[in-house]
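S.K.: only geometry, no sequence info:
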């Protein structure tokens with residue numbers, strides 16, 4: 001098949017996406033597909049629309065994720081022209097020529113449903129969930145309302161906006177402060193002291209105009225992938241320092257990941273059951289990953305759903321899939337085949 005692996009974009013998770021996309025592209029090439037990596041933001045300004053780019057598909061060098069998130073304003077300034085604010089020149093035209101677009105994007109430009117809606121309108125086939133599910137999962141406030149309305153245990157939260165007044169002294173501490181639509185823990189703070197709250201709010205607001213303040217739940221960090229109708233073995237994430245932030249997620253050796261998680265059979269079944277239920281409640285399809293905190297009392301708090309989980313060398317979903325016998329290449333191919341069937 002001719003496959004466009006779409007990655008990069010103008011998201012704080014751009015570098016993670018390029019790492020995921022590069023690995024997925026090489027995996028698909030190794031399976032005999034003609035796969036090419038395309039940066040959503042920069043596009044293909046020199047493509048004449050006629051040259052068969054798939055014929056020259058070649059393996060790529062691995063892309064290493066930096067310790068720090070990318071400088072998006074500098075990236076925006078570096079592009080002289082584009083299709084619109086975030087879709088580069090000739091991207092839709094090339095995607096239309098592919099048998100399927102493998103969505104290697106992370107963050108708002110690939111997970112908020114806008115690109116999926118655009119592809120649906122232009123009859124372009126792509127991997128993963130559709131626009132409605134992506135939109136519901138990306139907005140942590142919307143997904144939290146869905147969880148609460150359907151009896152899924154989740155930390156209590158307060159929605160704050162830059163333009164609406166709020167009383168900082170009435171916010172709970174300890175707490176977790178996070179952007180409402182972000183990913184990869186960018187802009188997230190775990191606040192244990194009230195004197196640190198103002199800085200945490202300022203950091204989150206520097207990323208987005210809408211943020212969440214959630215009650216702090218002490219527990220083990222776990223995640224459970226979904227592949228089709230199957231919940232994968234949960235994985236436990238144990239950062240060597242601090243919490244599972246951007247650096248700890250993507251720098252090799254910064255966190256210990258245990259797959260399958262060393263938890264009771266009852267807790268495993270509970271997390272898998274809730275993960276599949278959340279997947280269905282949000283209207284997701286093909287694959288995804290649901291994040292949890294597991295308390296000492298065995299309570300599984302659902303934090304959020306990821307519609308395009310990372311596929312980097314340190315990512316969780318490939319590790320979970322490996323436990324049930326999927327190689328990285330088989331996982332990528334399964335995602336493609338399931339997406340064609342949906």
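M.R.: Received it, and whenever you're ready, just let me know what you need. Remember, it's a predicted structure, so these values are computed and weren't measured experimentally.

S.K.: need the strands for the stretch 201-342 of the chain, in chain order.
M.R.: Remark: strands assigned in the stretch 201-342 of the chain by DSSP state E, counting those that start in this stretch are 210-215, 220-227, 230-231, 235-239, 255-258, 287-294, 300-306.

S.K.: Include distance to residue 155, mean pLDDT and mean neighbour count when you put these into TSV, please.
M.R.: For every residue, glycine as well, the C-beta is placed using N, CA and C. Shown next, in TSV, are those (distance: least, CB to CB, whole Å; pLDDT from 0 to 100; neighbours: other CB atoms under 10 Å):
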stretch	distance to residue 155	mean pLDDT	mean neighbour count
strand 210-215	4	94	21
strand 220-227	13	97	24
strand 230-231	22	98	17
strand 235-239	17	90	18
strand 255-258	21	86	16
strand 287-294	8	97	24
strand 300-306	6	97	22
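
S.K.: Any regions of the stretch 101-250 of the chain where pLDDT drops low?
M.R.: By pLDDT under 70, the weakly predicted segments of the stretch 101-250 of the chain are 182-185, 241-250.

S.K.: now the helices: where do they sit in it?
M.R.: Counting by DSSP state H, counting those that start in this stretch, the stretch 101-250 of the chain has helices at residues 108-111, 114-121, 131-138, 140-149, 197-207, 246-250.

S.K.: Output those in CSV; the columns should cover distance to residue 2.
M.R.: Shown next, in CSV, are the helices of the stretch 101-250 of the chain (distance: least, CB to CB, whole Å):
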stretch, distance to residue 2
helix 108-111, 20
helix 114-121, 16
helix 131-138, 24
helix 140-149, 34
helix 197-207, 36
helix 246-250, 30
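
S.K.: out of those helices, deepest packed?
M.R.: helix 108-111 (a mean of 26; mean count of other CB atoms under 10 Å).

S.K.: tell me which element residue 89 falls in.
M.R.: Using DSSP states H and E, residue 89 sits in no helix or strand.

S.K.: How about the contacts made by residue 198?
M.R.: The neighbourhood of residue 198, defined by CB atoms under 8 Å, 6 or more residues apart in numbering, consists of residue 168.

S.K.: Quick check: it vs residue 215, distance?
M.R.: Separation of residue 198 from residue 215 (CB to CB, to the nearest Å): 19 Å.

S.K.: Could you do residue 305 as well?
M.R.: Between residue 305 and residue 215 the computed distance is 19 Å (CB to CB).

S.K.: nearest to residue 337, of the helices of the stretch 101-250 of the chain?
M.R.: In terms of CB to CB, the element of the helices of the stretch 101-250 of the chain nearest to residue 337 is helix 114-121, at 18.1 Å.

S.K.: Tell me the helices and strands packed up against the closest one.
M.R.: The contact analysis (3 or more CB pairs under 8 Å, 6 or more residues apart in numbering; DSSP states H and E) places helix 114-121 against helix 131-138.

S.K.: Give me the neighbour count for the residue nearest to residue 225 when sequence neighbours are not counted.
M.R.: In this structure, residue 225 finds its nearest non-sequential neighbour in residue 232, 4.0 Å apart by CB to CB, 6 or more residues apart in numbering. Around residue 232 there are 25 other residues, counting by other CB atoms under 10 Å.

S.K.: for residue 97, same thing?
M.R.: Quick note: residue 97 (other CB under 10 Å) scores 13 neighbours.

S.K.: Apart from its neighbours in sequence, what residue is nearest it?
M.R.: Residue 97 sits nearest to residue 2 (CB to CB, 6+ apart), 6.9 Å away.

S.K.: Residue 23: how many residues sit nearby?
M.R.: For residue 23, the count of nearby residues is 25 (other CB under 10 Å).

S.K.: How is the residue of the chain most remote from its centre assigned, secondary-structure-wise?
M.R.: Distance from the C-alpha centroid of the chain peaks at residue 50, with 33.3 Å (CA atoms, centre = their mean). What DSSP: H, G, I helix; E, B strand; the rest coil gives for residue 50 is coil.

S.K.: which ones are touching the closest residue to residue 135 other than its chain neighbours?
M.R.: Once flanking residues are discounted, residue 135 sits nearest to residue 113: 3.7 Å by CB to CB, 6+ apart. Counting by CB under 8 Å, 6+ apart, residue 113 makes contact with 130, 131, 132, 133, 134, 135, 138.

S.K.: Quick check: the last one touching residue 208?
M.R.: Same thing as residue 138. No: Residue 138 is beyond contact range of residue 208, at 11.3 Å (criterion: CB atoms under 8 Å).
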